[in-house]
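K.L.:
can't give you the sequence, but here's the structure:
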């Protein structure tokens, strides 16, 4: 399979939980879990899978199915190319989680609230631009 993307080798999106068996074994990358409500697919979790013992997207999806099947109905995955490191996958996952961390609809399964390296970069940028720090208190959350 040839992909026009530099990071993503293959992908499936918004597939039913009943289609987990079609996910190939051994994939590394990012995956998302959704709860279908009417015409909407509400994001409830973003995860990653790298080379480690807990790795492999298929295994992670089946683990979520056993643990929290009632909380999600559909999934997407984004397989990364072999030259993408686990650290880079972790950075992508952290970025995506950071994007929606204050959205009450999308935190039901995610425990991690912030991606510390990204927070550090944001704080350095705020300081460089002489901006006030953004905090939970300043955002009223």
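P.N.:
Everything's here; your move. Just so it is clear, the model here is predicted, and its values are computed rather than measured.

K.L.:
can you show me the helices along this protein?
P.N.:
57-68, 86-99, 116-128, 136-139 (DSSP state H).

K.L.:
next, format these as TSV and append mean neighbour count and mean pLDDT.
P.N.:
The way it works is simple: take the backbone N, C-alpha and C, and place the C-beta from them, glycine included. Shown next, in TSV, are the helices of the chain (neighbours: other CB atoms under 10 Å; pLDDT from 0 to 100):
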stretch	mean neighbour count	mean pLDDT
helix 57-68	16	92
helix 86-99	17	85
helix 116-128	12	71
helix 136-139	9	66
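
K.L.:
I'd like those written out as JSON lines, with distance to residue 11 added.
P.N.:
What follows is the helices of the chain, written out as JSON lines (distance: least, CB to CB, whole Å):
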{"stretch": "helix 57-68", "distance to residue 11": "11"}
{"stretch": "helix 86-99", "distance to residue 11": "13"}
{"stretch": "helix 116-128", "distance to residue 11": "23"}
{"stretch": "helix 136-139", "distance to residue 11": "32"}
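
K.L.:
nearest to residue 32, out of those?
P.N.:
Across these, residue 32 has its closest neighbour in helix 86-99 (8.0 Å, CB to CB).
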